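Engineer: Only the shape, not the letters, is given here:
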């Protein structure tokens, strides 16, 4: 069974540019989460989809971040325009529809804004 | 107060020794609990779920204390390969939300 995959694995962009991260969850996992780890800080929740619906987006830092999950399959997280403080590792995780089970993580996208 | 709190460490542990650390959570409605392990520059991976009765998996023992709202992880006979950051993860059914602690860093030294 394929795991959670994220693309790209690394991205280096200039301040002001746009970047789109993609996450393909495990097939059949309705729950999809985005998290971010900024250097030296803890993993912070960004948002949670149940199928194509945003269940909780309380962790989104500001309106420069836009997440979508059209059709309830893969998800994208767009940062526009990127700022220096957006640098970090963005993790995606998915879990079974019941939710009360293990979440599987993708390998993360390391974003560097210069 | 953070929803899930951990001692960041690092815990410097001699090889072969035992180390234990806790994680406290603030929301009494929290339903499920997990310990994840994260190696440097890698994604978190499930180490073990934590059950009310406590559970053991080889050298690892996890305990849950609902009254005091904390979970613990104990590692016996530490190996060099146990060096990692251990993340406490709490699941709340309302909203199906997973919340992470900041992680506890463990360094096992020869």
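Structural biologist: Looks like it came in fine. This structure is a prediction, so every number in the text was calculated from the model and none was measured.
Engineer: Model confidence score at residue 7, please.
Structural biologist: Using chain A here. The model reports residue A:7 with a pLDDT of 97.
Engineer: Chain B was what I was after
Structural biologist: You'll see residue B:7 listed with a pLDDT of 93.
Engineer: and it, how far is that from chain A?
Structural biologist: 12 Å (Cβ to the nearest Cβ, to the nearest Å). For glycine as for every other residue, the C-beta is placed from the backbone atoms N, C-alpha and C.
Engineer: ok, that residue - contacts?
Structural biologist: Residues counted as contacts of residue B:7 (Cβ atoms under 8 Å, 6 or more residues apart in numbering or on different chains) are B:21-22, B:104.
Engineer: What's opposite residue A:93 in the beta bridge?
Structural biologist: Residue A:93 has the following beta-bridge partners by DSSP bridges: residue A:33, residue A:105.
Engineer: Show only the entries of the contacts of residue B:7 found in strands.
Structural biologist: Among the contacts of residue B:7, the members falling in strands (DSSP state E) are B:21-22, B:104.
Engineer: what separates residue A:96 from residue A:102, distance-wise?
Structural biologist: 8 Å (Cβ to Cβ, to the nearest Å).
Engineer: And these two? Which one has more around it.
Structural biologist: More crowded of residue A:96 and residue A:102, by other Cβ atoms under 10 Å in any protein chain shown: residue A:102, with 18 against 15.
Engineer: what about the nearest residue to the more buried one once chain neighbours are set aside, neighbour count?
Structural biologist: In this structure, residue A:102 finds its nearest non-sequential neighbour in residue B:46, 4.8 Å apart by Cβ to Cβ, 6 or more residues apart in numbering or on different chains. Applying other Cβ under 10 Å, we find 16 residues neighbouring residue B:46.
Engineer: Thought residue B:34 was touching residue B:46, still the case?
Structural biologist: Yes - under the criterion of Cβ atoms under 8 Å, residue B:46 makes contact with residue B:34 at 6.2 Å.
Engineer: quick one: contacts for the residue nearest to residue A:102?
Structural biologist: By Cβ under 8 Å, 6+ apart, the residues touching residue B:46 are A:102-104, B:34-37.
Engineer: again, only using 10 Å
Structural biologist: Neighbouring residues of residue B:46 by Cβ atoms under 10 Å, 6 or more residues apart in numbering or on different chains: A:101-105, B:34-37, B:87, B:89.
Engineer: Then residue B:89?
Structural biologist: By Cβ under 10 Å, 6+ apart, the neighbours of residue B:89 are A:43, A:93, A:102-103, B:4, B:23, B:25, B:32-36, B:44, B:46-47, B:49-50, B:71, B:98-101.
Engineer: picking up where we left off before, quick one: which of the contacts of residue B:7 is most hemmed in?
Structural biologist: So for those (other Cβ under 10 Å), the most neighbours sit at residue B:104, 22 neighbours.
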